[in-house]
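Undergrad: Next come a sequence and a model predicted from it.
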Amino acid sequence: MNRVSKIAFAAAFSSLAFAGVSRAESLGMNTAQGIEQTLRTFQGDLDVRPVYDWHNLDDENTGPRSVLQRPQSAVHAIQASIDANRSLAHKLNNEGVNIRNVVNAEQAADGSITFYVR
């Protein structure tokens, strides 16, 4: 009986832990098509981070985060999706971001988006 109660407790605890990530729409939310669709209607919180190509050196303690490079066509599609969402374009402008400098975007499980600019 003790083993059954431990399993039930673990199941209940894990379901509560994952309740906070319910805004993550799908595993494909950061694919090219998924992020473009999200950006066209996005109204939530955002973060802006600079990104540099450090030749695959990952040193997040001392500098900007390095992210995977998207193909140029995907970068243009992200920029077009931002242009299509006037409120998002205005928010980014208020943050001092030129939309043409956005090279990537990632959506977090809580629904917020991080924009990477060069």
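TA: Everything's here; your move.
Undergrad: what's the following helix or strand after the helix or strand of the chain with the lowest mean pLDDT?
TA: Least confident helix or strand of the chain, by mean pLDDT, DSSP states H and E, is helix 2-19 with a mean of 61. Once helix 2-19 ends, the next helix or strand along the chain (criterion: DSSP states H and E) is helix 32-41.
Undergrad: Kindly export that following helix (C-alpha atoms) in PDB.
TA: The C-alpha trace of helix 32-41 is given here as PDB (Å, rounded to 0.1, in the frame of the first residue of the first chain):
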ATOM      1  CA  ALA A  32       9.400  28.400 -38.500                       C
ATOM      2  CA  GLN A  33       5.700  28.100 -39.200                       C
ATOM      3  CA  GLY A  34       4.700  28.000 -35.500                       C
ATOM      4  CA  ILE A  35       6.600  31.100 -34.500                       C
ATOM      5  CA  GLU A  36       5.300  33.100 -37.600                       C
ATOM      6  CA  GLN A  37       1.700  32.200 -36.700                       C
ATOM      7  CA  THR A  38       2.200  33.200 -33.100                       C
ATOM      8  CA  LEU A  39       3.900  36.500 -33.900                       C
ATOM      9  CA  ARG A  40       1.000  37.600 -36.100                       C
ATOM     10  CA  THR A  41      -1.300  37.700 -33.100                       C
END
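Undergrad: buried residues in it?
TA: Ile35, Glu36, Thr38, Leu39 (16 or more other Cβ atoms under 10 Å). The C-beta positions use only the backbone N, C-alpha and C, and glycine is treated the same way.
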